[in-house]
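Undergrad: structure for this input, please:
(one chain, ligands or ions: 1)
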Amino acid sequence: MSKITVIGTGYVGLVTGACFADLGNSVMCLDIDQKRIDGLHKGIMPIFEPGLEEIVERAYRAKRIDFTTDYPTALKAAEYVFIAVGTPSGDNGEADMQYVESAVKKIAETIDHSFILVDKSTVPVGTGDWIAKMLQDRFADSGIKFSIVSNPEFLREGTAISDFMRPDRVVLGSTDRAASNKIAELYESLRCPILITDIRTAEMIKYASNAFLAAKISFINEIANICDRVGANVIDVATGMGLDSRIGPKFLNAGIGWGGSCFPKDVKALVHIAQEYGTQPQLLQAVIEINKYQRKYVVHKLEEILGDLKGKRIGILGLAFKPDTDDMRESPAADIIKYLDQKGANISAYDPAAMELSKAILPKQVTLCENPYQVIEGADALLLATEWNEFKQLDFEKIYQLMHGHVILDGRNLWDPQNLTDLGFHYYGIGLGQYN
Ligand code: UGA
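TA: Okay, here's the model as predicted:
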């Protein structure tokens, strides 16, 4: 049992804290947001993440996890202090480091014993060294020893618990091998490969991994758009490519593009880092541009099918940037709705989890519905934007009756084209050969 403090109770911090507590450690989670901490004491999760509530509840009852806003309480006797605060995009795409800086300063002011600081926030390469400098100034001649380990996270929203408990790998970077070994012990029971590197390399692995995954998606989306023109089927193309073990089948689902709180910010931040160091990240820039274009491509496609979109009724299924989350950050659906709105379309939309968060983001004139069938009533076209499970087996005969036109644009290639064509729909996918 180790004593762990986690600073930040967002996706990364809370999942990390809860999972370490579930593994038997004593965990203290700190957040500066009093409302969040009050809620956590009452069992209210600040984020939507399947399975998280149960783990937190179990650990809280067993007194293995607690929550506070107070740094002295949080750091008392902490052996390992994890930083898991946000690093949102700054004005020029750079990572905004204000929350990391303020957490490090607070730790420096408060802690009165030796510790290992573990950085889980996604931070520019060189941040570990910058933190070390800040702490060195504070702890010189104090007798307090510290080490810094970079431990990037690879958690996906919606599957964060299993990503933590069954990771493909754990990456640890430090100038202090003994410190990395200590953190490795925390992950030992997960029985996964543990890669120990220097600190800048670990920081880079995080950005490179997210940028590569985003590139894989932008790549297949570009191929899909070509498929649309030449009459090939991108699903089969991806399968054919993915069977090559050098390529692999994952993250080759063509669609309306990638969003969320990570890929957009991290690819931009990596471009910024590259430029700062005087290199030209041409591929990374293209990855971003293709992703922006993909959202417009969907709207062009609808225009090609329906003609002028002014006054046309478009029903949108799915708003969150992906299924199993209510996260609307950089959601492709939000941009597509904005473009459709600018073209004068009448839009109605439904999402199983993101309705509340959508209200603040979407144009006021969008009608937010209570179920998928309301969205479809009288619609000229239906656009699937997020592939939620509950959309997989809709009653399409009912949908046919409810719709005014019978155009379906399946932005995630979720449905069976033949099935829907047989029912009388004009079905279109993204890069689906004869169904374009
Ligand atoms: C991503 C990474 O997958 C995690 O490993 C990483 O830890 C996390 O960012 C982070 O940096 O914190 P996440 O943002 O939760 O996780 O979402 P993903 O499941 O990776 O999906 C990202 C976007 O790509 C979504 O919009 C999704 O719809 C899209 N996507 C994904 C596709 O369009 N096609 C695919 O084949 C896969």
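
Undergrad: give me the pLDDT value at whatever residue of the stretch 1-150 of the chain ends up closest to the ligand.
TA: Residue nearest to the ligand within the stretch 1-150 of the chain: residue 122 (5.9 Å; Cβ to the nearest ligand atom). (Glycine included, C-beta is placed from N, CA and C.) Reported pLDDT at residue 122 in the predicted model: 92.

Undergrad: repeat that for residue 113.
TA: 95.

Undergrad: what do you get for residue 141?
TA: Confidence score, pLDDT, at residue 141: 83.

Undergrad: could you check how far it is from residue 134?
TA: 16 Å (Cβ to Cβ, to the nearest Å).

Undergrad: quick one: which of those two has more around it?
TA: Using other Cβ atoms under 10 Å, the more surrounded residue of residue 141 and residue 134 is residue 134, with 14 against 5.

Undergrad: please identify which helix or strand holds that one.
TA: helix 127-139 (DSSP states H and E).

Undergrad: so what's the residue count around the residue of the stretch 1-150 of the chain closest to the ligand?
TA: Residue 122 - counted by other Cβ under 10 Å - has 23 other residues nearby.

Undergrad: I'd assumed residue 95 was in contact with it.
TA: Yes. When contacts are counted by Cβ atoms under 8 Å, residue 122 is listed as touching residue 95 (7.0 Å).

Undergrad: please identify every residue contacting each of the two.
TA: 87, 265, 269 (Cβ atoms under 8 Å, 6 or more residues apart in numbering).

Undergrad: for these, give me TSV that also has neighbour count.
TA: Output for these, formatted as TSV (neighbours: other Cβ atoms under 10 Å):
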residue	neighbour count
87	20
265	23
269	26
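
Undergrad: can you show me the strands along this structure?
TA: 3-7, 26-30, 65-68, 80-83, 115-119, 146-150, 170-174, 194-197, 313-317, 346-350, 367-368, 381-384, 407-410, 426-428 (DSSP state E).

Undergrad: then the fifth one to CSV, C-alphas only?
TA: It refers to strand 115-119. In CSV, the C-alpha atoms belonging to strand 115-119 read as follows (Å, rounded to 0.1, in the frame of the first residue of the first chain):
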residue,chain,number,x,y,z
PHE,A,115,8.6,12.8,-2.4
ILE,A,116,8.4,11.7,-6.0
LEU,A,117,6.4,14.0,-8.3
VAL,A,118,4.8,12.2,-11.2
ASP,A,119,3.5,14.2,-14.1
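
Undergrad: relative to strand 146-150, how tilted is it?
TA: Using axes from the mean of the first three to the mean of the last three Cα atoms, to 10 degrees, the direction of strand 115-119 lies 20 degrees away from that of strand 146-150.

Undergrad: given strand 115-119, what are its sheet partners and their directions?
TA: Strand 115-119 has the following strand partners under DSSP bridges: strand 80-83 (parallel), strand 146-150 (parallel).

Undergrad: near the ligand, which residues of the stretch 101-250 of the chain show up?
TA: 122, 153-157, 210, 213, 217 (Cβ under 6 Å from any ligand atom).

Undergrad: max pairwise distance over these: which two?
TA: 153 and 217 (19.5 Å; Cβ to Cβ).

Undergrad: pull the number of nearby residues for residue 34.
TA: For residue 34, using other Cβ under 10 Å, the count is 9.

Undergrad: which residues touch it?
TA: residue 69.

Undergrad: picking that back up, which phi and psi does the residue of the stretch 1-150 of the chain closest to the ligand have?
TA: phi -80, psi 110 (degrees, to the nearest 10).

Undergrad: check residue 23 too.
TA: Dihedral angles (degrees, to the nearest 10) for residue 23: phi -80, psi 0.

Undergrad: show the pLDDT at the nearest residue to residue 378 once chain neighbours are set aside.
TA: Using Cβ to Cβ, 6 or more residues apart in numbering and skipping residues adjacent in sequence, the residue nearest residue 378 is residue 404, 4.9 Å away. On the pLDDT scale, residue 404 is placed at 96.

Undergrad: can you check residue 179 too?
TA: Reported pLDDT for residue 179: 98.

Undergrad: any idea how far the nearest residue to it once chain neighbours are set aside lies from residue 84?
TA: Once flanking residues are discounted, residue 179 sits nearest to residue 147: 3.5 Å by Cβ to Cβ, 6+ apart. Residue 147 sits 18 Å away from residue 84, going by Cβ to Cβ.

Undergrad: who has more neighbours, these two?
TA: Shown here are residue 147 and residue 84; by other Cβ under 10 Å, residue 84 has more neighbours (28 against 20).

Undergrad: list the contacts for that one?
TA: With Cβ under 8 Å, 6+ apart, residue 84 has these contacts: 6-8, 10, 12-13, 16, 120-121, 153.

Undergrad: so what secondary structure elements neighbour the longest helix along the chain?
TA: In the chain, with assignment by DSSP state H, the single longest helix is helix 199-230. Packing partners of helix 199-230 (3 or more Cβ pairs under 8 Å, 6 or more residues apart in numbering; DSSP states H and E): helix 127-139, strand 146-150, strand 170-174, helix 234-242, helix 263-276, helix 282-306.

Undergrad: will you turn the ones you listed into CSV that also has distance to residue 252?
TA: Listed next are the helices and strands packed on helix 199-230 as CSV, based on distance: least, Cβ to Cβ, whole Å:
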stretch, distance to residue 252
helix 127-139, 32
strand 146-150, 29
strand 170-174, 24
helix 234-242, 4
helix 263-276, 15
helix 282-306, 14
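
Undergrad: wait, isn't residue 426 in contact with residue 408?
TA: Yes. Applying Cβ under 8 Å, one finds residue 426 in contact with residue 408, separated by 7.1 Å.
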